[in-house]
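Q: Task: produce atomic coordinates for the following.
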Amino acid sequence: MRDEYDFSNSVPNPYVKNLKKQITIRLEEDVIGYFKALADETGIPYQTLINLYLQDCAKSNRKPSLEWA
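A: Prediction:
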């Protein structure tokens with residue numbers, strides 16, 4: 001291992017915008033079951049499917065319909 005390294009020719013990480021943040025979220029079992037079944041059909045991990053769906057909602061500015069009884 002060197003004592004010093006030269007980073008003068010380094011470039012910024014081009015993937016920094018694609019980094020993900022880990023969070024904790026509570027989902028109902030039937031929601032998780034739906035995405036896990038979809039994951040089995042598609043071969044895409046269920047957490048990735050949930051992320052893709054939420055990205056689609058955010059991009060299309062979709063809002064949930066909330067009705068209070």
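
Q: middle-most residue in the chain, spatially?
A: With distances taken as CA atoms, centre = their mean, N51 lies nearest the centre of the chain, 3.8 Å away.

Q: roughly how far apart are that residue and F7?
A: 33 Å (CB to CB, to the nearest Å). (C-beta placed from N, C-alpha, C; glycine too.)

Q: same check, this time on Y53
A: 39 Å.

Q: if we can go back for a sec, now do the same for the residue nearest to the centre of the chain: helix, strand or coil?
A: For N51, the assignment made with DSSP: H, G, I helix; E, B strand; the rest coil gives helix.

Q: tell me which element K36 is part of?
A: helix 29-42 (DSSP states H and E).

Q: L54 too?
A: helix 46-59.

Q: pLDDT score assigned to I23?
A: Model confidence at I23, expressed as pLDDT, equals 93.

Q: What distance do you get for it to V16?
A: 19 Å.

Q: swap in S60?
A: Where V16 is concerned, S60 sits at a distance of 25 Å (CB to CB).

Q: check which helix or strand covers D6.
A: Using DSSP H and E, no helix or strand contains D6.

Q: how close does it get to Y34?
A: Going from D6 to Y34 by CB to CB gives 52 Å.
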